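Asks: Coordinates only, no sequence provided:
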């Protein structure tokens, strides 16, 4: 049955934290003393019953949307009767699903102790290498260190967590201790309040020996905190301008979404050049794994400007309001990702908007970012795979491999979603003659009015939705045929249908003979050659082709990903020599001859091309510039209209 998005009285899936430990709660101790050498020791006490008991290792992780729990790094597994030093109890992995472990429990045993180690090694289950441990900083994803019983949903199973840290280390997390709800740096041995396994898995733990907390937007409740752990104490001093932007981010998000669905919020930042891997959203926190927090470095500043607003937006879009097919009862039920274009696409859009409104980026920089996002989805594979197609196949399109990615496509629902939600924003403004915007939809959909209350705040929870719920909230904001609006664009096999929002918002997506300044500066400094819209490839500084566009001049001539250019028309290869040849192709009648090495063999490829340099760009058109004059401007007050 579809639940209306217009009320918050629907059942929430999170359990409210239990203050006292339940005798049936799972007990878990996470020992980080060996984390610097990339191994975490875990002990769990699990309630059991005689006979076959099934325990699961999380496979489908919220925020990762694919079956990638690092089960191959779960090692040294032993089960014993609780409080017993007897022989280990035999266990066996399920033959059909290795994420399930069967343990046959003898009679009169009601509690089981499980001990195991998590290795910080590359996992074959994950498409990209992840390292969340260094000598001074660790980010723990609880989903990586827990076994849970399969006999009931995870929001009905309680767990009490304890962490043990190396000497002089501290830890920050959205979990709170039994003695206080205030944000604090915990350690060296801390036991947290008993919560559901759902909340535990949703609460990463940041730890290190150089950590600091910064309060944000103190006038806003719930409490918001920035928690940072770095390699050196000197790196903990953050620039006041950056902290002001963080406070503005909380303020601007509060004005957009109208309510909060967490008891407190922690931005958890692990900053070390030795760490790698994705940042991940959670309800009451987000974990950010970055190389540095030195915002005087433009690359670091731009990375934070993208990550911080994006993952914070997910607290509303993806965590509290979650597509029904992704609100699963446990972490081993596959997710249905057909609405991930909302989960990720709308988050990507508001991540860009909030980055501008909070001052992380100028409006002009944000327009450049939208230009780059449009460029990234302007690829030949759009001829056969729609945005909806990439959403449906999300779980198998997350490798990030660039080889033939232009034809396969990958997570286009992020960036295509940005453009489509921009169009929805512009459409609402047009339909209401500027009286409403997508912000009004966001307030209604993500923080529905609560009958009898002037506040839209709730505790943490999950309020699932369907496509019909989404359309209903859009129609309540601005009546229109929103079903056709989305179906037409999501299923289109035409890139131009994705750029209508840009055009209506004041910008045309065009091809021109010069790069936009930000792209040109980057490409020139990196000594790369960007030829996607001309020859059909991008060349790295050494001439290696990352990808070759299907049916491009390079493809027709026989070039492929991995080929390494060595000469251009007989001259030694360089990005400058190639760019000059492409520039001159407009007036030259002959082909461009490229010599390349493939598997150690040299070949020459003849490219019939006479179009000159060709680069994607956004240029102003005759429509009002809604992006810089309205959409990206900071909100001065709560301007959402009552629904």
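Replies: Received it, and whenever you're ready, just let me know what you need. All of these numbers come straight from a predicted model, not from anything done at the bench.
Asks: start to end distance for stretch 401-417?
Replies: 21 Å (CA to CA, to the nearest Å).
Asks: Identify each buried residue in that stretch, please.
Replies: For stretch 401-417, the neighbour count (16 or more other CB atoms under 10 Å) marks 405-417 as buried. Every C-beta, even on glycine, is put in place using the N, C-alpha and C of the backbone.
Asks: Likewise for stretch 236-255?
Replies: Neighbour counts over stretch 236-255 (16+ other CB under 10 Å) mark 236, 238, 242, 245-255 as buried.
Asks: Over to stretch 29-43?
Replies: Residues of stretch 29-43 classed as buried by neighbour count (16+ other CB under 10 Å): 29-32, 35-36, 38-43.
Asks: Can you lay out these as a markdown table showing secondary structure and distance to residue 379?
Replies: What follows is the buried residues of stretch 29-43, written out as a markdown table (DSSP: H, G, I helix; E, B strand; the rest coil; distance: CB to CB, whole Å):
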| residue | secondary structure | distance to residue 379 |
| --- | --- | --- |
| 29 | strand | 48 |
| 30 | strand | 43 |
| 31 | strand | 47 |
| 32 | coil | 43 |
| 35 | helix | 40 |
| 36 | helix | 42 |
| 38 | coil | 37 |
| 39 | strand | 41 |
| 40 | strand | 40 |
| 41 | strand | 46 |
| 42 | strand | 43 |
| 43 | strand | 49 |
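Asks: still on that earlier bit, quick one: which of the buried residues of stretch 401-417 is nearest to residue 496?
Replies: Among the buried residues of stretch 401-417, residue 416 lies closest to residue 496 (CB to CB), at 12.3 Å.
Asks: wait, is the closest one part of a helix?
Replies: Yes: counting by DSSP: H, G, I helix; E, B strand; the rest coil, residue 416 is found in a helix.
Asks: Run through the residues that contact the closest residue to it other than its chain neighbours.
Replies: Excluding the flanking residues, the one nearest residue 416 by CB to CB, 6 or more residues apart in numbering is residue 387, at 4.4 Å. Going by CB atoms under 8 Å, 6 or more residues apart in numbering, residue 387 touches 341, 412-413, 416-417, 420, 489-492, 498.
Asks: between the buried residues of stretch 236-255, which is closest to residue 319?
Replies: Nearest to residue 319 among those, counting by CB to CB, is residue 253 at 13.3 Å.
Asks: Spit out the contact partners of residue 283.
Replies: Residue 283 is in contact with 14, 174, 199, 202, 261-262, 315, 319-320, 460, counting by CB under 8 Å, 6+ apart.
Asks: cutoff 7 Å now
Replies: Contact analysis of residue 283 by CB atoms under 7 Å, 6 or more residues apart in numbering lists 202, 262, 315, 319-320, 460.
Asks: Could you give the backbone dihedrals for it?
Replies: Phi and psi for residue 283, reported as degrees, to the nearest 10, are phi -70, psi -50.
Asks: So what's the predicted local confidence for it?
Replies: Looking at residue 283, its pLDDT reads 97.
Asks: Repeat that for residue 232.
Replies: Residue 232 carries a pLDDT value of 96.
Asks: Then residue 17?
Replies: 36.
Asks: and the helix or strand residue 389 falls within, what's its mean pLDDT?
Replies: For residue 389, the host element (DSSP states H and E) is helix 387-392. Averaging pLDDT along helix 387-392 gives 97.
Asks: Domain ranges for this structure, per the record?
Replies: 26-316, 333-446+466-506+623-631, 517-613 (automatic domain parsing).
Asks: Of the ones you listed, which is nearest residue 456?
Replies: Nearest to residue 456 among those is domain 26-316 (2.9 Å), distances taken as CB to CB.
Asks: pLDDT weak spots in the chain?
Replies: 1-23, 127-128, 638-643 (pLDDT under 70).
Asks: so what's the residue nearest to residue 579 when sequence neighbours are not counted bridging to?
Replies: Closest residue in space to residue 579, ignoring its immediate chain neighbours: residue 529 at 6.2 Å, by CB to CB, 6+ apart. Applying DSSP bridges to residue 529 gives these bridge partners: residue 539.
Asks: What residues does residue 529 make contact with?
Replies: Going by CB under 7 Å, 6+ apart, residue 529 touches 538-539, 575, 578-579.
Asks: quick one on the thing from earlier: contacts for the helix or strand just after the helix holding residue 389?
Replies: As assigned by DSSP H and E, the chain's next helix or strand after helix 387-392 is helix 405-408. Contacts to helix 405-408, defined as CB under 7 Å, 6+ apart, come from residues 379-381, 547, 549-550.
Asks: Nearest to residue 210 among these?
Replies: Distance to residue 210 across these (CB to CB) is lowest for residue 547, with 40.2 Å.
Asks: Just list what the strand or helix carrying residue 605 packs against, helices and strands only.
Replies: In this assignment (DSSP H and E), residue 605 forms part of strand 601-607. The contact analysis (3 or more CB pairs under 7 Å, 6 or more residues apart in numbering; DSSP states H and E) places strand 601-607 against helix 553-557, strand 592-598.
Asks: which helices and strands does the next helix or strand after it pack with?
Replies: Next along the chain after strand 601-607, taking DSSP H and E as the criterion, comes strand 615-620. Contacts defined by 3+ CB pairs under 7 Å, 6+ apart place strand 615-620 against helix 363-377, strand 507-512.
Asks: Minimum distance to residue 281: which of those has it?
Replies: Using CB to CB, the helices and strands packed on strand 615-620 put helix 363-377 closest to residue 281, at 19.0 Å.
Asks: Can you point out the buried residues in that closest one?
Replies: Neighbour counts using 16+ other CB under 10 Å place 363, 365-375, 377 of helix 363-377 among the buried residues.
Asks: what do you get for stretch 334-346?
Replies: Buried residues in stretch 334-346, counted by 16+ other CB under 10 Å: 335-346.
Asks: could you dump those to a markdown table with secondary structure and distance to residue 560?
Replies: Converted to a markdown table, those look like this (three-state DSSP; distance: CB to CB, whole Å):
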| residue | secondary structure | distance to residue 560 |
| --- | --- | --- |
| 335 | coil | 34 |
| 336 | coil | 35 |
| 337 | coil | 31 |
| 338 | coil | 33 |
| 339 | coil | 36 |
| 340 | helix | 31 |
| 341 | helix | 31 |
| 342 | helix | 36 |
| 343 | helix | 34 |
| 344 | coil | 30 |
| 345 | helix | 31 |
| 346 | helix | 36 |
